[in-house]
Each structure stands twice: as C-alpha cells, then as structure tokens.
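In: sharing a sequence plus its predicted fold:
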Amino acid sequence: MRSPTRARTIVGALAGTLMLSMLAAVPASAAPTRYEAENATISQGILETTHTGFSGTGYVNGDNIAGSYLQFTVNAPAAGTATIVVRYSNGTTINRPSDVAVNGTVVSANRAFNSTTNWDTWANSTLTAPVNAGSNTIRFTATSANGNPNIDYVDVDVAVTQPSSEYQAEDATISQGVVESNHLGFTGTGFVNGDNVAGSYTEFNVTATTAGNYGLVFRYSNGTTIDRPGNITVNGTTVASNVSFPSTTNWDTWADKTITAGLTAGSNLVRITSTTANGNPNLDKLSSSAPSDSQPPTPPSNLHVVGDVRPNAVDLAWDAATDNVGVSQYKIYNGGNVLATVGGNVTSTTVPNLTANTQYVITVLAYDAAGNPSQASNPVEITTPPSNDTTPPSTPTGLRVASTTSTTVTLQWNASTDDIGVTGYNVYKDGVKFATVPDTTATVDGLTSGTTYQFSVEAFDANNNTSPRSGNVPGTPAGAGGGDPIYDKDINTQMDLPWGITWLPDGSALVAERDRFEITRVTLSGQRTVVGKITEAVTTGGEGGLLGLAASPNYATDHYIYAFYTSSSDNRVARFKYENGALGAREPIVTGIAKNRFHNGGRIKFGPDGYLYITTGEAQDGNRAQDLNSLNGKILRVTPTGAGAPGNPFPSAPRVYTLGHRNPQGIAWDSQGRLWEAEFGDSTWDELNLIQPGKNYGWPNCEGKCSNSAYTNPVQQWDVASASPSGIEIVNDWIYMAAVRGARLWVMKINGNTTDTPRAFFNGRWGRLRTVTKTPDGGLWLTSTNNDKNGGTPSTLDNVIVRLKFNSGTTPFSLTSTAFANNGSIPIKYTCQQDGVAGNDISPPLAWGAGPAGTQSYAITLIDTANGNKHWTIWDIPANKSSLPENLGLGYDVPNQSPAKQKAMSTGNKSLQYFGPCPGGSSHKYEFTLYALDTATLPGVTSSSSVAAIETAIQAHDLASVKLAGNSSAAAG
C-alpha cells in the first residue's frame, strides 16, 4: 500500500547534482548514465525501501496530491538531445500522470505512468528532450490527486554533435617546406609544399575539449604518379606509420586522408613527417572531429623469436591482428613496459637496446588509430646471452653514512660508470655481502646499537664483471628507532602470490591468492585455511586475477567482504557475505573497468570517511587515464553499493576521484586523513603521490615530476628498477612501501606535504614485495609475490607472509582484566542477571600494556557476538592511562574519566552508558577490543553518532588492536 498523504514538504533534503556529461570526444552511442532518485530534490515525498527490486539505496514515494514533484539538476557541457529513461512502479490500477519539464518548459504533458500490477514490479518510460549547455533542471510533477508513481532512477544519455575544427597548414609549424598559392582549389591563404626529402614535416597544434579518440582528416594534393607516404605522430607518439598519400592526378585536385588518433584534453601536436625522398604531398588543412570507433583489434598471435637471441637484441615476428577500421601500430612489451613501437603494417621487427644476460617476458599488443588496444599476444620468454664485454664498472666512490638509528645504518654512494651499463651493487658489512641493490642506497638493519661496523660496496654489470670494492667506511648505529621495521618471524611460507589482505574482527586475515583465485584465512600465528574461491575470476597471464580485498567497516553486523578481480569481460569490484567460514554469492557493484595483461590496478580500501577507494590501471591504453568517460587510470571513490560517493569532484564522472594514473597500486591514509598513493611508472619514474580530489596526475603526458602546471607532481620518485612500488601502509605517519622490481621495503616519514629521505630495508631478502599492512597485534605483515611475471605459478606455494615489528614499539600490547582470564568466564557481577534489566550493568575492570609509538589515545569496544553483534564503545581515553576501573557509570562524558566518552546501542540515558555483558548462557561469547589510536580526540563523532559510526571512526585511526574474550556466566535469557 502507498503511504497516506504527508502534510510536510521535503525540499532539498536529498539534494544532489546529476551530471549529464557527454564530452566532446564521446560518440552519441555511449552508454547512458544512471542517476538514483534518492540523490534528487524531493517536494512532498519521501525516500523509502519498503518494496523490493529497487536499485541504489531506495526509491522516492511522492505524496498522493497534485503538485508533488521530483527534480534532478543536470549540467551538460554542450547542448544536445537527452534520452531519459524513467524506472517506476505503480501498484494501483490507476494511471499516475506527470508533467515532465526541462528548464521549466513542459516537454511531455500528463505523461502516463500506468499500472505495473504491484509495487515490486518496475517498468521503464522513455522520452527525449533538448538540454542546454550548462545547468538544466528535469522535473516530474504529479498532475492528479494520485501523485507520481514510485520512481527508482533515471538513465540519461545526451547526443552531442561535436563540430569539426579546421587548422590551416599555412598556420602550422613547417620544417623543410614553404607556403605557396600557385595551384588552385586550396582553402585559407595557401598550402604547404614540403621539400622532397625524407624527414620534412608539418606540425599542427590541435585543441581537444576533452581526452578521447578523434578523426584527423588531412586535405592534400599529389600531382605526381608516385605515392608520398608519411608518419603521423601525436605528441611525439606514432599513431599511424607510412600512411599512403597517392596521386590525385594533378596539383589542383585535392583529396582527404582520414585517420583516427587519441588526443589529450587541451593542446596536441599532430605532425606528418615524410618517410621517403619524395617528401610529403601538398597540405591544405587538417580537420578534427569526434569518431565512433570503439572496437579494439584482435590480439596478435603466434609471437615467436626469429633466429638467435643476441646479447643486446632479438628479432621477433607475429601474425597480424585484425580490426574493423585498421591496425595502426603494434607495441612490444617486456612485462608492462614498452620496448618498441612499429607501424600497423609491420609484423616483424628487431627489438634493440636489450641488456645482456637478462630475462625478458615479451608480448605484443595491437592498437588501432583510435587508440583502442587489443589484448596481449602469447608471451615469449627469452634470456639474452652474455656479451663479449669483459670491462668491469668503475669502483664506486663517495661511500658515506647518510643516517643511523639504534639498529640501522643507511648508506649512500656515487654511481659507478661502465661501457655497457651498471646493473647493480653488492653491499658488504665487515667483509660479508649483506645485500644486492639496483641503485646507490641501502639500509643495513639488524645491527647492535653502539657497535661500529665496516661497510664497502662494489658495482657489477650484466655480464657479472665486478668492479674493485670501495674502501671501508665505518658506521655506528645510534639514535632513536623511529619507524624502523624489524623482522620478527615468518607467518606462513606456503602462499601463492598473496596479493590483497583484509582483517576480520577476530584478528585473523583474509588473503587473496592472485592466480589461484582462492581466499585464504590466515591467523596471526600463521595457520592457513582456504575458505573459498572466486570462481568468476580469470587470469590475464600477467597482472590480472584476484587482487584487492576489503572488509566492510560494518563487518561485525553486515559480514560483507569486497573483492577486486578480473572477469571474462572486465575488471570489477564485487561484494559477498563471509559467514560461517564460507563465501556467499558475489554482487558486482562496479563493473566495466577495462582489463589487459598488465596495468589493472586492483587495490581497494575503505577510507576514514566510510567510502570505498579503488585503484584502476589504464589497461595498456594511456588515453584512458585522461578520459573522464573511462573508469581506467583513476582512483575511484564509491559508496558501499558502488555509486559515486557524495562530494566527488566530477559531476560528469560520479565515481572518479582523481585521474591521470598509469597503474596506481598502494593507498593509505595519514593521521590527518590525507590519502597517499604509490604508482608504477613506465620506463623512467615510479611515483609516491599525495592524493587530492579532482587532481590530474599526468599520465601519459607526464611520468614523474614535470613542469606542466596542469598536472600534480609526485612527492617522491624512483627509477623503475629501484622500486616498482605496490602496496603501502602508514603507521604513525611513517610510510612503508613494498617494491616489486626493487625487492625492498621503502620507509619514509611524512613531513608536511612531503617526506624525509626514503630508506631501503630488506634489500632482496624475500624477493619481489607486494603487500604491506598493519596488523591487529601492532606489527606489519609483508608479502612476497615472486615468479609472477608470466601468469604466476598457481600449482606452487612458494611465497611468504612475514611479520615485522617496530624498533620503538616492542612493548607487549595486551588487554587484561582482574575479573576474568582471556576466553574465561565473566562473573555474574558484570552481567545484567543481577537485576534482569539491560543498561544497569557494572562494567568489568580493564588494564593494558602500552600501545605502539605514536599512540595518542585508546578506545575500547565490546561486541556481543551471539546477540546480533550488538556493540558498545568508549573512546578518547588519554594515552597516559593504562586501565579503567569497574562500574564506569552513566553519561556520555564518562564520570571521573575525562575526557573519555561512551555510547551504547539503546535509547534514552542508557544509550550513553558503557554496558557490561548481559545474559546468554555459559557459551555466550563477548569480545572486548582495545585500540591504540593516532589521534587524541576522535574526529567526526558526537553524542548523536551511532555506535557503528563511532566504531568506523576508531578503525580508521587505529595503530594496533588487541582482544580480550570471555563467556557470560549469566543464565540464558
């Protein structure tokens, strides 16, 4: 039954902005965008969830009166025709008509919304209407006393015609050519006659309103009988090789040659360069327009080596890919890094500049002129043989102690030189090799404070020619430990590519094993149990598969786990229930993230704001990173159901938080709630970024720091051999960054908007490091994922999870009570059996050991595990306290424990009292959890906050946590 008429008006209570953005490069056939009714403005109606089948978080039930309305605000960057699909239900037998108005003008009067049989059955009603560039309103106003139907959402698509832009050749940049007007039929003031030499060019500066794929039309004449081919580049990258410009019979006859190329938003340099001694044709103008090609080429096949692999080169060949328009180029990759690019008519090439005595895993991708990439070819593994080079590198100079702590010495030195190239350095402690590193720094850990050690270093090349060793330099560990990580113990050494990790309330972790698609429960002691498999996941033969995991902030009550994985069609995020040790059915919440062999991103984490953050790679198509219509090359921020989170910066792309990323990986938040991100570079620079909403981080136009003010520079950058960063974690404003290719853990302290000098720990000790995460017992877990460059080894369990502890935080962090032992019986005194009334209970005495370094306050939660996971909490306990007495008493401000606050799940004054356990029988389990927090006052909570919201805020600021469990001795009740 519909609700009765409500005599109140809700205007703006659920106000939201609905963006209909069809950017200039997007064809009219692009998929519509869904906008939920709960985010619109409601007059005389209410958001409900009574009936089933709705999407989002509910539907709008308008009051049963004429004039009640639902209004969306629409911002369109250009004028066009909007197709509006309204999803509604009408459980009565009576039509519920509505006037549909755009910008105050009725475009569909008394539009019928007929019966759908019942309120759980939904139907679509479709109309079209013009919209203006800029802000528009779309309003549905009931025209009868029956009111509007229930409205679930609208799907909106705007067809925008992008006008062609013309660029006269005489206004372009000309190399080896002149402007002439001696032939007929040209436009503008003349045409460009290029010199008859290879390498002459004309370069146009083309402006694109947004990133995307554009048609480029060259108007030319060729009065000879000989073809005059040219290479077409955009911003220095070849997009079409040896494009044919055949004869037009005479110089007064003009023809068009069209290609499609990806442009970035703003200025683009489009150059046509002659490839033969005949030079370019005469050029009149270049026109650009939005294309419609979105179909990628097929994968190249039969990639194979031709002849022998040489120390510094290899000859490759493959079978041609096919495309609906045409293949414009092939890119040859080693892993995710480009080795070479050739034209689309080339199916064999020599890959030069390889390093001798080095392993490569090579694939080829085809690209069409629109920039659509194929999936990867079959991989080919090669190892280049040693060369005849016998010259060793020069001896490293300038070895010095850069810094020390109580157990570490950080060394730096000047780079060696070599006739071929330095591959790495061996570091020695007291004459014994301690580590092998790819660059000129290393941190030597595990030292004894006050003891002097002798350090030296030597360089080697790819042929293992080794330089003389440097002279010894003394180093003495001294000073505070700071955030130094120390190896504690192996947790489990029988893992397959442990990628994503998330923690459960019981202190155990769920671990995603990338290529087995299995989720494994691992306890703090290292017990490993496979709990299920994501059967929908598939491998890409590279970096795809089962990747990130995240437990819901409200896991104690909703039992949701979120997973990022590669499916047969895309990358996606889904959620499922984890209950009774088993995985439930998957519910996809974000789909359509393009996949490829490499650059899939895959980290997911809930932020302090309770929203889910998702990193997505550009799937080997750099243009996607700059395209707001693509989910790739982005950091996304979504609600727990996958909708764009409130406050996101791009109305036209409601899920996008930042753009311009190549392959973003680790994400973590500091004590100020700021987001930091680690990112794989291509061939030059890896990045650590401080993330700000709406910012553009530059890829593919910038790699590392650059001078273009349109892009946000990284805080730190590393040579790709030194890092290739994956997961990061932040504890007490120390950043811990796992490096895959660099095979080390980078450690740095946040100082304002930057960090101190990064230090490299555990160099090569466990190989390729993937994930680092803080643990409930106050340490770090660090995982390795070796042998993962060619699809992994799912039949072999040969990777590790190790536990690290902190040099300054080794005091045991524990929670105890003098009233009962861990997992013991909680006396009746502390239950409600004594009076039979919940809310008057005596809380038990609690005591704890000091938290880790940086602890500024404590919080304690009590979970009733057998009674719907009801929970209570106390927080803002000062850092100098190490205990709470029994019987805390009544009040939001805890009596005699200032500034501590408390809250329980109940009503009235009882909601402000810290409860002790209530009856439930001798096996009724309760869990106390102590959290060490990085803030003295928990932000964003008040006396009106729910306990769940307070608990979420606690978990966003915890440095460590520990549990104390007990069974109620009270009688069952």
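Out: The structure has been received and is ready for your questions.

In: most remote residue from the protein's center?
Out: Asn182 (56.7 Å; CA atoms, centre = their mean).

In: Ala739: what's its closest spatial neighbour, skipping adjacent residues?
Out: Spatial nearest neighbour of Ala739, excluding adjacent residues (CB to CB, 6 or more residues apart in numbering): Ala723 at 4.5 Å. For every residue, glycine as well, the C-beta is placed using N, CA and C.

In: same check on Trp699?
Out: Of all residues beyond its chain neighbours, the one nearest Trp699 is Arg662 (4.2 Å), with distances taken as CB to CB, 6+ apart.

In: tell me the pLDDT at that neighbour?
Out: What the model reports as pLDDT for Arg662 is 97.

In: list the contacts of it.
Out: 599, 617-618, 622, 625, 633, 679-682, 699-700, 703 (CB atoms under 8 Å, 6 or more residues apart in numbering).

In: filter those down to the ones in strands?
Out: When DSSP state E is applied, the contacts of Arg662 are split such that Glu679, Phe680 fall in strands.

In: which pair of the contacts of Arg662 spans the longest distance?
Out: Gly617 and Glu703 (14.4 Å; CB to CB).

In: higher neighbour count, those two?
Out: Gly617 (31 against 20; other CB atoms under 10 Å).

In: burial of the nearest residue to that one once chain neighbours are set aside, as a residue count?
Out: Closest residue in space to Gly617, ignoring its immediate chain neighbours: His599 at 3.5 Å, by CB to CB, 6+ apart. Residues lying near His599 (other CB under 10 Å) number 31.

In: isn't His599 up against Asn663?
Out: Yes - in this structure, His599 is within contact of Asn663 by CB atoms under 8 Å, at 4.5 Å.

In: tell me, what's touching the two both at once?
Out: With CB under 8 Å, 6+ apart, His599 and Asn663 have common neighbours Gly336, Glu543, Gly617, Glu618, Phe680.

In: out of those, what pair is the most spread apart?
Out: Of all pairs in the shared contacts of His599 and Asn663, the most separated under CB to CB is Glu543 and Glu618 at 12.2 Å.

In: need the overlap of contacts for these two.
Out: His599, Asn663.

In: so those two - more neighbours on which side?
Out: Glu618 (30 against 27).

In: contact partners for the residue lying closest to the more buried one once chain neighbours are set aside?
Out: Take Glu618 and drop its neighbours on the chain: the residue closest to it by CB to CB, 6+ apart is Gly633, 3.6 Å away. By CB under 8 Å, 6+ apart, the residues touching Gly633 are 616-618, 622, 624-627, 659-662, 699.

In: among these, find the lowest-pLDDT one for me.
Out: Within these, lowest confidence goes to Asp627 (86).

In: and for it, the neighbour number?
Out: So Asp627, with other CB under 10 Å, has 27 neighbours.

In: from Asn648, how far out is it?
Out: 17 Å (CB to CB, to the nearest Å).

In: got it, and Thr771?
Out: Counting by CB to CB, the gap from Thr771 to Asn648 is 27 Å.

In: pick out whichever of these two has more residues nearby.
Out: Thr771 (26 against 19).

In: the more buried one: what's it in contact with?
Out: Pro498, Trp499, Gly500, Ile501, Ser726, Gly727, Ala738, Trp781, Leu782, Thr783.

In: tell me the one of those nearest Glu513?
Out: Pro498 (6.1 Å).

In: mind checking pLDDT for the closest one?
Out: 96.

In: tell me how many other residues crowd Ala277.
Out: 10.

In: phi and psi next, for it.
Out: phi -70, psi -10 (degrees, to the nearest 10).

In: the spatially closest residue to it that is not a sequence neighbour: which element?
Out: Nearest residue to Ala277, sequence neighbours excluded (CB to CB, 6+ apart): Ala198, at 5.6 Å. For Ala198, there is no host helix or strand (DSSP states H and E).

In: ok, Ala198 - contacts?
Out: Ser274, Thr275, Thr276, Ala277, Gly279.

In: which of these count as buried?
Out: Ser274, Thr275, Gly279 (16 or more other CB atoms under 10 Å).

In: for the closest residue to Pro373 other than its chain neighbours, which residues are in contact?
Out: Computed as CB to CB, 6+ apart, the closest residue to Pro373 that is not its neighbour in sequence is Asp621, at 4.5 Å. Going by CB under 8 Å, 6+ apart, Asp621 touches Gly262, Tyr367, Gly371, Asn372, Pro373, Ala594, Asn596, Asn632.

In: stretch 56-69: which residues count as buried?
Out: The neighbour-count check on stretch 56-69 (16+ other CB under 10 Å) flags Gly56, Gly58, Tyr59, Val60, Asn61, Gly62, Asp63, Asn64, Ile65, Ser68, Tyr69 as buried.

In: now for those, which pair is the farthest apart?
Out: Pairwise across the buried residues of stretch 56-69, and taking CB to CB, the largest span is found between Gly56 and Ile65, at 25.1 Å.

In: hey, where'd the helices end up in the protein?
Out: Secondary structure of the chain (DSSP state H): helices located at 555-558, 947-956.

In: quick one: residues contacting Thr225.
Out: With the criterion set at CB under 8 Å, 6+ apart, Thr225 makes contact with Ser247.

In: now the phi/psi pair for it, please.
Out: Torsion angles, degrees, to the nearest 10, at Thr225: phi -100, psi 0.

In: and it, what pLDDT?
Out: The model's pLDDT for Thr225 equals 92.

In: over to Lys257?
Out: As predicted, Lys257 sits at a pLDDT of 89.

In: how many neighbouring residues does Thr448 have?
Out: What Thr448 shows, counting by other CB under 10 Å, is a neighbour count of 11.

In: so what's it up against?
Out: Listed by CB under 8 Å, 6+ apart, the contact set of Thr448 reads Thr407, Pro477.

In: swap the cut-off to 7 Å and go again
Out: Pro477 (CB atoms under 7 Å, 6 or more residues apart in numbering).

In: ok, it to Ile501 distance?
Out: In terms of CB to CB, Thr448 sits 32 Å off from Ile501.

In: having no further points to raise, I will conclude here.
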